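**Q** Quick one: sequence plus predicted model below, questions after.
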Amino acid sequence: MRRSPRSLTVSVAALTAAGALVLTACNGATDDADALDVWIMEGTNPDASDFFDDVAADFEEQTGAEVNVEFVPWADAHDRFVTGMAGDELPDVAEVGTTWTPEFAETGAMADLTDRIDDPDDYVPELIEAAEVEDGIYGVPWHAAVRSIIYRTDIFEDLDLDEPQDWDELRAAAIAIDESEAWEETAFPVPGHATHSISAFIWGAGGDFATENPDGSWDIHIDSAESQEGLQYLADLALEDDVSTTGATTWMETDILDNFNDENVAMTVQGGWTIPAILEDNPDLEGRIGAFMIPGPDGEPSPSFVGGSHLGVFEGADQDLSWEFIELLTEEEYSVRWSEESGYFPPNREQLTQFEESDDDLVAPFAQQMSQAGAVYPVTPAWGDVEGDEVFPRMMQDILSEDATVAEATSTAAEELDEFLNQDD
Amino acid sequence: MPSASVQRRRVGHRPARRRGSLHSPARPWLLLAPGLIIIALLLWYPLGRVVWLSFQDYDLGNIRSGETDYIGLDNYTELLSDSFLWTTALPNTAVFAAVAVVGTVVVGTLVALLLNACGWLWRTVIITAILVAWAMPAVTGTYVWIWVFDVDQGIVRQLLDGLRTGIEAWGPQWLRDSAATSDYLAADGYNWFRERLPFYAIVTLNIVHNGFPFVAITVFAGLTTIPRELHEAAMIDGANAWQRFWDVTVPTLRPVFAVVTIMSTIWDFKVFAQVYLMPGGSGSNRDVLNFGVWSYVESFAQNQYGYGAAIAVVLTVLLLLITLVYLRTLFAEEKL
């Protein structure tokens, strides 16, 4: 029964070695010198893998380098970048959400692409602005989208309504739908957890979130009279006119979409890229939906958030090779194909024109909104913290559940925003 | 079975020890080594890192550069002087855990008693049914509860709508009056996720539903080990079922209850997904944050990794204290 202590020691050593092997094995990601590691967000384009098979084949033909594309779900992406920074596992090229670019660029993880971009004026200005940190441009706009209002044409026809051109008409339409006997569900939801859906009303009233001074400090405007006017308009729709629903107090954009698909919502702010998904989810809606630009108080469209993605090059990457890949992706052929497949728009103004002039009633309004009335949130690395803290969902939910008036909720939000943007850090 | 220390003492009495003998003092450590190494890698190292992180001002820039910024106890002073900790996070964590643990253990024990009283057929049926509840991943389960309480389409809304219609049609005047002013019976529906109490009521349902099968099966296993004679003797002495439960079953199963209570306490203190995934649970509704979610939000949504780590450390210390106090009272009683 006696085992020599040596064999015991040996087995312990073997175990330890095995453990160490397992650990090192985890570290050995794809690090081929010639291969380009690319992260692309999952879900933007339903056919993304076919698309990137073609891109990779072209790229290999051009440069001889292989491309490893990894699809990362949006919901995990921020964490993936952060853990990638911690563990030195960043890709060479990645699609980065426009509001994240300044945050990652500030850490020094992304390369300055200013000298490589031909002419920043080729792009929709909001998207270049979103990539600027100090004097550098850290991302090339790849695709973008805005939200406009989508609605049920069958309901509008039944009630003999026209597409609203200003806020009074929008309100009248929502009330008419709400009061109609034929429509029992929600007329126009005012969501509590969808900042991108409500920000157009703040900008539309002439309000804003914050603006930067030349010295780098920020003036806070979320509690200005104009911003409050825009929010009051929404609050009244929900609380006075009752065209929204109690549930919408905690709705996110995806909840609105689900309810629109289930035919529980007649009219809502929604992104242009959701149209293909809506029709796939509920084919019965084919021919029964329309879109129009988010109206402003006086007939001009309200500026709507231009969101989208940049392509960024990360530290440690072969800069020239990475740039060649970005050029291939952003040139007309692939850019337009991506837009057509995904429902997003090319950020390049010239390429965008063909979408503005589209015959498709579900494409043109969004493209026009993007070129005529777009806006972005304050471009600062701290914006990620503001989003992460859910400052505006909190503000909106307090208003919608009548825990606070518009004045109270915006003043709280302004204090919080001031702390995030003007703190010494 | 002699413990390692006993053996070592005995070995120590030997006048002469051969080199490389089996009974060297290193032997127990050698035997423990594989387990210790694995625990050290998977548990102590990350734990140590979290503690170390909690003394730093650590943000995204530090993550990339790897530089550290030691600030001593600043994170802890800030945390402990934050009224949010005392008025919101701590009560949300501790009160909720107390309610959920009691709920889980009571429901689990009742089901165990039921199992014990059933024949094999019903026993199989019940065990299969509760295993399904147990096997449900937290994320899936949470979404199901969110749907159940969905403000517009949920089954609860439909039930309440039915109830309201019924009361309006047939209820006596006083009931109709109180129904007309009740938030829960409002014609527009009631948003269960906005207020702290209804929010945590749903979380409690979710946790108890997911947690009771473990208690039920563990306690049932314990019940089968109680000698039948004990119950028979009690019965002859004239004890009724209630007395038999409290005077025979509970004392015999004390260690089993200790295990399920401690496990449930630990699980319920660090509940995360069941809160985070609920509408408003990820930060937009500050009133419902608990320790787990707060720590995550500070770390990963705010990039304040040091502060988030400090919250996590306080949670861990709290859990250790509770477990310690609980074990001490338990074993103190045992000795009497």
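**A** Everything's here; your move. Residues are numbered from 1 along each chain as shown, chains lettered A, B, ... in the order given.
**Q** Show me what counts as buried in stretch B:36-53.
**A** B:50, B:53 (16 or more other CB atoms under 10 Å in any protein chain shown). (Each C-beta comes from the backbone N, C-alpha and C, glycine too.)
**Q** Give me the buried positions along stretch B:311-324.
**A** By neighbour count on 16+ other CB under 10 Å, the buried set for stretch B:311-324 is B:311-316, B:318-319, B:322.
**Q** what does that stretch contact?
**A** B:47, B:50-51, B:54, B:76, B:79-80, B:89, B:93, B:262, B:265-266, B:269-270, B:291-292, B:294-295, B:298 (CB atoms under 8 Å, 6 or more residues apart in numbering or on different chains).
**Q** ok, of these, which come out buried?
**A** Applying 16+ other CB under 10 Å to the contacts of stretch B:311-324 flags B:50, B:54, B:76, B:79, B:89, B:93, B:262, B:265, B:269-270, B:291-292, B:294-295, B:298 as buried.
**Q** In helices, which of the residues you listed appear?
**A** B:50, B:76, B:79, B:93, B:262, B:265, B:269, B:291-292, B:294-295 (DSSP state H).
**Q** Distance-wise, check the nearest residue to residue B:262 once chain neighbours are set aside relative to residue B:264.
**A** The shortest distance from residue B:262 to any non-neighbouring residue, by CB to CB, 6 or more residues apart in numbering or on different chains, is to residue B:323 (5.7 Å). Residue B:323 sits 12 Å away from residue B:264, going by CB to CB, to the nearest Å.
**Q** same thing with residue B:330?
**A** From residue B:330 to residue B:264 the distance is 15 Å (CB to CB).
**Q** who has more neighbours, these two?
**A** residue B:264 (24 against 15; other CB atoms under 10 Å in any protein chain shown).
**Q** How much space separates the closest residue in space to that one that isn't next to it in sequence from residue B:107?
**A** Nearest residue to residue B:264 in three dimensions, chain neighbours excluded: residue B:101, at 4.6 Å (CB to CB, 6+ apart). Computed as CB to CB, the residue B:101 to residue B:107 distance reads 11 Å.
**Q** So the two - more neighbours on which side?
**A** Remark: of residue B:101 and residue B:107, residue B:101 carries more neighbours, 24 against 17, as counted by other CB under 10 Å.
**Q** right, and the more buried one touches residue B:262 too?
**A** No: counting by CB atoms under 8 Å, residue B:101 does not reach residue B:262; the two are 9.3 Å apart.
**Q** any chance of the buried residues of stretch B:311-324 in CSV, with distance to residue A:422, pLDDT and secondary structure too?
**A** As requested, the buried residues of stretch B:311-324 are exported to CSV (distance: CB to CB, whole Å; pLDDT from 0 to 100; DSSP: H, G, I helix; E, B strand; the rest coil):
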residue, distance to residue A:422, pLDDT, secondary structure
B:311, 25, 95, helix
B:312, 29, 94, helix
B:313, 30, 95, helix
B:314, 29, 94, helix
B:315, 31, 93, helix
B:316, 34, 92, helix
B:318, 35, 91, helix
B:319, 38, 90, helix
B:322, 41, 88, helix
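**Q** can you name the two of those that are farthest apart?
**A** B:311 and B:322 (16.7 Å; CB to CB).
**Q** who touches the nearest residue to residue A:347 once chain neighbours are set aside in this structure?
**A** Once flanking residues are discounted, residue A:347 sits nearest to residue A:141: 3.3 Å by CB to CB, 6+ apart. The contact partners of residue A:141, taken as CB under 8 Å, 6+ apart, are A:98, A:123-124, A:127-128, A:131, A:308-310, A:347-348.
**Q** Looks to me like residue A:141 is in a strand.
**A** Yes: assessed by DSSP: H, G, I helix; E, B strand; the rest coil, residue A:141 belongs to a strand.
**Q** close to chain B, is stretch A:232-241?
**A** No: Stretch A:232-241 is not in contact with chain B by CB under 8 Å from any CB of the partner chain; minimum separation 10.6 Å.
**Q** for that stretch, what is the average pLDDT?
**A** For stretch A:232-241, mean pLDDT is 96.
**Q** Let me see the residues that make contact with it.
**A** A:167, A:171, A:174-175, A:178, A:188, A:190, A:198, A:201, A:205, A:243-244, A:248, A:297, A:399-400, A:402, A:406.
**Q** Show me what the spatially most central residue of chain A is bridged to.
**A** With distances taken as CA atoms, centre = their mean, residue A:307 lies nearest the centre of chain A, 4.4 Å away. Taking DSSP bridges as the rule, residue A:307 bridges to residue A:145.
**Q** so what's it scoring on pLDDT?
**A** 88.
**Q** pretty sure it contacts residue A:195?
**A** No: if you go by CB under 8 Å, residue A:307 and residue A:195 don't touch, sitting 10.8 Å apart.
**Q** Helix or strand for residue B:124, just tell me which one.
**A** Using DSSP states H and E, residue B:124 sits in helix B:120-135.
**Q** Also residue B:207?
**A** Assigned by DSSP H and E, residue B:207 falls within helix B:196-223.
**Q** looking only at pLDDT, what's the mean for that helix?
**A** 95.
**Q** Which strands or helices does the next helix or strand after it pack on?
**A** Using DSSP H and E, the helix or strand that directly follows helix B:196-223 along the chain is helix B:228-236. Taking 3 or more CB pairs under 8 Å, 6 or more residues apart in numbering or on different chains; DSSP states H and E as contact, the helices and strands that helix B:228-236 lies on are helix B:241-244.
**Q** Contacts for the helix or strand following the helix it packs on, please.
**A** Helices and strands here follow DSSP H and E; after helix B:241-244, the next one along the chain is helix B:250-252. Residues from elsewhere that reach helix B:250-252 (CB under 8 Å, 6+ apart): B:222, B:226, B:230, B:257.
**Q** cool, stretch A:210-229 as well?
**A** Outside stretch A:210-229, the residues touching it (CB under 8 Å, 6+ apart) are A:202, A:205-209, A:378-380, A:395, A:406-407, A:410-411, A:413-414, A:417-418, A:421-422.
**Q** next one: that stretch to chain centre, how far?
**A** From the chain centre to the centre of stretch A:210-229 is a distance of 22 Å (CA atoms, centre = their mean, to the nearest Å).
**Q** for it, what is the average pLDDT?
**A** Per-residue scores along stretch A:210-229 average to 94.
**Q** Which parts of that stretch count as buried, going by neighbours?
**A** A:210, A:218, A:220-224, A:226-229.
**Q** Just put the residues you listed in CSV and tack on distance to residue B:134 and secondary structure.
**A** Shown next, in CSV, are the buried residues of stretch A:210-229 (distance: CB to CB, whole Å; DSSP: H, G, I helix; E, B strand; the rest coil):
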residue, distance to residue B:134, secondary structure
A:210, 49, strand
A:218, 51, strand
A:220, 50, strand
A:221, 52, coil
A:222, 47, coil
A:223, 50, coil
A:224, 54, coil
A:226, 55, helix
A:227, 50, helix
A:228, 51, helix
A:229, 53, helix
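**Q** The residue nearest to residue B:262 is in what secondary structure piece?
**A** Applying DSSP H and E as the criterion places residue B:323 in helix B:305-335.
**Q** give me the number of residues near residue B:206?
**A** 25.
**Q** Against chain A, how distant is it?
**A** Distance of residue B:206 to chain A, computed by CB to the nearest CB, to the nearest Å: 17 Å.
**Q** In contact with residue A:377, which residues?
**A** Residue A:377 touches A:99, A:199, A:209, A:305, A:383, counting by CB under 8 Å, 6+ apart.
**Q** Next, give phi and psi for it.
**A** phi -70, psi 170 (degrees, to the nearest 10).
**Q** helices or strands next to the helix or strand containing residue A:420 in the packing?
**A** Assigned by DSSP H and E, residue A:420 belongs to helix A:406-422. Judged by 3+ CB pairs under 8 Å, 6+ apart, helix A:406-422 is in contact with strand A:218-220, helix A:225-239, helix A:383-389, helix A:391-400.
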